[in-house]
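In: Dropping the sequence and predicted coords here.
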Amino acid sequence: MEKNKKLEQDCIYRIVILGYDYECGIKSLLKKFTCGVFSPFPETQIGVEFDIKVIKVDNEEIKLQIWPHNRYLKEASSQRNFLYKGAHGFLLVYGLHSQKSFDDLLNDWMVQIDTFSNEFSKKNLVLVCNNSETPETYNTKPNYTVDSNITKQWADSKNIPFFEVNPRENHNVDEPFIQLARLIKNFND
């Protein structure tokens, strides 16, 4: 109960974005959401970092503290425990061009959420299909290898909201973050 009171008083939600950045464009999505800028070649993440953005959900201002978590941090147990146990929710991102990025969500990230996160955050998940270009596909015709209908069916079967985004075209960029904040807020009410 005390966790819910603190969440209500502060209106700061810690969101962790999971995915393998170069295969799913986490940093491009985050930069577009927080700064309004698309970069197909974002800076490499070294260590632990986060971004902050204030949004409105149901006429209430909520501060999102957004922590991208990629493969390079996966093995650091102290960082992993800090991120997972302190998270209010997770944005699960995969690249439409990389079946491996979706398979990793199922076989790796979902297992880590189940193993290391708290019961509160396990209920607050949003699946995001990023169909923007990455450094590997930039200036070439993207080769989409993931069937988004199948991933949407998977998300529906788990009762997880699903969004397709394209940071390059500014399509649906804000919606997954707003929906996740709404899930957290409603779970807290």
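Out: Looks like it arrived, so ask away.
In: so who does the residue nearest in space to the middle of the chain touch?
Out: By C-alpha atoms, centre = their mean, the chain has its centre lying nearest to residue 91, at 2.4 Å. Shown in contact with residue 91 (C-beta atoms under 8 Å, 6 or more residues apart in numbering): 15-18, 126, 128, 176-177, 180. Just so you know, the C-beta spots here come from the backbone N, C-alpha and C atoms, and that holds for glycine as well.
In: what sits against the residue nearest to it when sequence neighbours are not counted?
Out: Counting by C-beta to C-beta, 6 or more residues apart in numbering, residue 91 lies nearest to residue 17, which is 4.5 Å off, once chain neighbours are set aside. Residues in contact with residue 17 (C-beta under 8 Å, 6+ apart) are 26, 29-30, 66-69, 90-91, 93.
In: On the three-state scheme, residue 17 is what?
Out: At residue 17 the chain is in strand, as set by DSSP: H, G, I helix; E, B strand; the rest coil.
In: so where do the helices sit in the protein?
Out: 2-10, 21-24, 26-35, 77-86, 99-104, 110-116, 119-122, 148-157, 175-188 (DSSP state H).
In: Verify the stated contact: residue 56 with residue 62.
Out: Yes. Applying C-beta atoms under 8 Å, one finds residue 56 in contact with residue 62, separated by 7.5 Å.
In: neighbour count winner among these two?
Out: A side-by-side neighbour count of residue 56 and residue 62, using other C-beta atoms under 10 Å, places residue 62 first with 20 against 10.
In: distance of that one from residue 11?
Out: 5 Å (C-beta to C-beta, to the nearest Å).
In: if we can go back for a sec, so what pairs up with the residue nearest to residue 91 in the strands?
Out: Beta bridges link residue 17 to residue 68, residue 91, judged by DSSP bridges.
In: Low-confidence regions, this structure specifically.
Out: Low-confidence segments of the chain (pLDDT under 70): 1-10, 21-23, 41-48, 70-79, 132-144, 189.
In: dump the residue contacts of the closest residue to residue 185 other than its chain neighbours.
Out: Leaving out its chain neighbours, the residue that sits closest to residue 185 by C-beta to C-beta, 6+ apart is residue 57, at 5.7 Å. Contact analysis of residue 57 by C-beta under 8 Å, 6+ apart lists 178, 181-182, 185.
In: Count residues in the vicinity of residue 65, would you?
Out: Using other C-beta under 10 Å, residue 65 has 16 neighbouring residues.
In: Leaving aside the residues adjacent along the chain, what's closest to it?
Out: Counting by C-beta to C-beta, 6+ apart, residue 14 is the residue found nearest to residue 65 once chain neighbours are left out, at 4.8 Å.
In: now residue 83
Out: residue 16 (5.2 Å).
In: same check, this time on residue 121
Out: Closest to residue 121 by C-beta to C-beta, 6+ apart is residue 87, at 4.5 Å.
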